[in-house]
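Visitor: sequence unknown, structure follows:
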Ligand code: AP5
């Protein structure tokens with residue numbers, strides 16, 4: 001089984017949703033740059049204050065900040081089955097990643113823009129355990145409350161329609177080239193990201209076991 005995995009794909013394609021299931025069922029440790037940055041914002045750290053300016057505008061946080069943060073964490077974790085959600089997001093980040101981890105597979109979730117806008121503007125997130133819900137596609141059992149840890153759900157500041165459209169533009173400009181990057185290395189698996197969450201997970205699991 002492949003144990004060094006990155007999840008690629010546009011905002012809202014389901015990276016966080018699938019990462020949660022992969023950790024539960026396959027024993028992966030997950031590093032999510034988005035979750036780490038949002039925690040820094042909530043804690044009011046210097047990193048959080050700097051990152052918030054970019055995140056609220058739907059822009060990428062500068063490479064040097066992200067690369068420093070992730071390289072240190074990856075080194076700390078060592079030889080565990082590791083899943084990266086939201087990193088790398090630029091060629092420069094991918095080159096830096098290659099110096100600290102050998103990627104076994106890059107799983108790319110493919111979803112249309114119209115579907116992405118609907119998913120993100122109706123997403124609700126847990127501030128404590130980072131579980132992800134959707135008002136109609138994946139509602140929590142009790143309205144507004146996380147199934148997993150019972151915290152009150154919230155809407156992310158960058159999930160407004162205007163910011164989502166900018167995030168999609170930034171994705172196309174800066175992150176899409178990674179599809180070619182990992183494709184040329186023979187490490188890319190593209191999976192249709194539309195359908196049931198369990199159905200998509202089953203395809204990912206199969207790709208990891210191939
Ligand atoms: P980040 O938190 O990584 O956001 P993102 O990549 O934009 O991805 P999302 O978390 O929005 O979506 P997702 O693919 O995880 O989808 P989800 O599973 O939640 O980054 C946020 C910001 O941080 C960036 O804009 C940037 O500023 C900064 N940042 C982060 N990493 C960085 C980096 N490496 N470099 C520089 N800056 C960085 O699902 C979305 C919704 O769809 C949910 O409501 C879910 O319930 C629903 N859903 C999921 N699957 C399905 C399905 N199959 N059918 C129907 N609905 C579904």
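Guide: Received the coordinates, thanks. What you are looking at is a predicted structure, and each value in this text was computed from that prediction instead of being measured.

Visitor: tell me the residue furthest from the middle of the protein?
Guide: Most distant residue from the mean C-alpha position of the chain: residue 142, 25.1 Å away (CA atoms, centre = their mean).

Visitor: what's near enough to touch that one?
Guide: By CB atoms under 8 Å, 6 or more residues apart in numbering, no residues touch residue 142. Heads up, the C-betas are built off the backbone N, CA and C, glycines and all.

Visitor: Could you list the contact residues of the protein toward the ligand?
Guide: 9, 11-17, 33-34, 37, 54-55, 58-61, 66, 86-87, 89, 93, 119-120, 123, 132-134, 137-138, 158, 167, 195, 197, 200 (CB under 6 Å from any ligand atom).

Visitor: same thing but at 5 Å, please
Guide: Residues of the chain lying close to the ligand (CB under 5 Å from any ligand atom) are 11-17, 33-34, 37, 54-55, 60-61, 66, 86-87, 89, 119, 123, 132, 134, 137-138, 197.

Visitor: Are any of the residues you listed buried, and if so which?
Guide: Neighbour counting with 16 or more other CB atoms under 10 Å marks 11-17, 33-34, 37, 54-55, 60-61, 66, 86-87, 89, 119, 123, 132, 134, 138, 197 as buried within the residues of the chain next to the ligand.

Visitor: So which of the residues you listed sit within strands?
Guide: Among these, the members found in strands (DSSP state E) are 123, 132, 134.

Visitor: Looks like the second one contacts residue 18 (just checking).
Guide: Same thing as residue 132. No. If you go by CB atoms under 8 Å, residue 132 and residue 18 don't touch, sitting 10.0 Å apart.

Visitor: Which residue ranges of this protein form strands?
Guide: 4-8, 29-32, 82-85, 105-110, 123-125, 132-134, 188-192.

Visitor: The first one pairs with which strands, and in what direction?
Guide: If I follow you right, that is strand 4-8. Strand 4-8 pairs in its sheet with strand 82-85 (parallel), strand 105-110 (parallel), by DSSP bridges.

Visitor: Please identify the most buried of these.
Guide: The highest average neighbour count among the strands paired with strand 4-8, using mean count of other CB atoms under 10 Å, belongs to strand 82-85 at a mean of 23.

Visitor: That concludes my questions; thank you for your assistance.
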